[in-house]
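Enquirer: kindly generate the corresponding structure for this input.
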Amino acid sequence: MDKKKLVLPGEHLMSAEEAEAGENTYTERDEIFSAAFGETAVSGGAVSVKRKRRTLKQPHKGMDVYCLVVKTSPNKAVTECIPVEDAERHGSSVPLRAVLPVTALGRKGYVEDLRNEVKIGDVIKAQIFKVARTGVDISIAGRFRRPSGLTVAAQLM
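Expert: Purely as a prediction, here's the structure:
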């Protein structure tokens, strides 16, 4: 690892044979991984990650997010989301992929096709209602709103 590089938590850095694990790193099966968001640094035979000033927020149940719809099907929509507070403070954030299932629309009655409710390119405000190993699910029940302005969409692209 010659150059400094921006890494995310859990990103593979190098083999434990090449260097020792330093600050903000961890080893697993003789491999070194990043434990923080930041820039890599190698010195004195150890690899470390120098944190950037802000820490990344882990998605959690109840977190409000702005999402850009990137793919739709009859029963779900795939979105790229950022936390509302990061978007409103004009901060930068790493987008997370989330799914909007047809059951999370909050509509009374039967929805024949989710594509009639949301379209590719829509920016929606949602709330995370499930975080699992398989992914993140969001809901717009009772709060289907399109945010004003293009700043949110620009950050998601």
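Enquirer: how far away is the closest residue to residue 46 other than its chain neighbours from residue 95?
Expert: Among residues not flanking residue 46 along the chain, residue 22 sits closest, at 3.8 Å (Cβ to Cβ, 6 or more residues apart in numbering). Glycine gets a C-beta too; all of them are placed from N, C-alpha and C. As judged by Cβ to Cβ, to the nearest Å, residue 22 and residue 95 stand 29 Å apart.
Enquirer: any idea what the residue nearest in space to the middle of the chain is bridged to?
Expert: The chain has residue 96 as the residue nearest its centroid, 2.1 Å off, counting by Cα atoms, centre = their mean. Counting by DSSP bridges, residue 96 forms beta bridges with residue 81.
Enquirer: flag the shaky bits of this structure, pLDDT-wise.
Expert: 1-3, 52-57, 90-93, 107-108, 142-157 (pLDDT under 70).
Enquirer: what's the domain layout of the chain?
Expert: With domains defined by automatic domain parsing, the chain comprises 6-51, 64-156.
Enquirer: quick one: distance of the shortest one to the chain centre.
Expert: If you compare the mean C-alpha spot of domain 6-51 with that of the full chain, they lie 21 Å apart, counting by Cα atoms, centre = their mean, to the nearest Å.
Enquirer: ok, now stretch 121-136?
Expert: Worked out by Cα atoms, centre = their mean, stretch 121-136 lies 9 Å from the chain centre.
Enquirer: all numbers from here: first residue = 13
Expert: Shifting the count to begin at 13 puts that one at stretch 133-148.
Enquirer: on that earlier part again, I'd like the domains of the chain laid out as CSV, including distance to residue 70.
Expert: Output for those, formatted as CSV (distance: least, Cβ to Cβ, whole Å):
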stretch, distance to residue 70
domain 18-63, 9
domain 76-168, 8
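Enquirer: quick one: contacts for the residue of the chain most remote from its centre?
Expert: Taking Cα atoms, centre = their mean, the residue of the chain most remote from its mean C-alpha position is residue 56, at 33.6 Å. The neighbourhood of residue 56, defined by Cβ atoms under 8 Å, 6 or more residues apart in numbering, contains no residues.
Enquirer: the residue nearest to residue 58 touches residue 60, doesn't it?
Expert: Yes: the pair residue 34 and residue 60 qualifies as a contact (Cβ atoms under 8 Å) at a distance of 3.2 Å.
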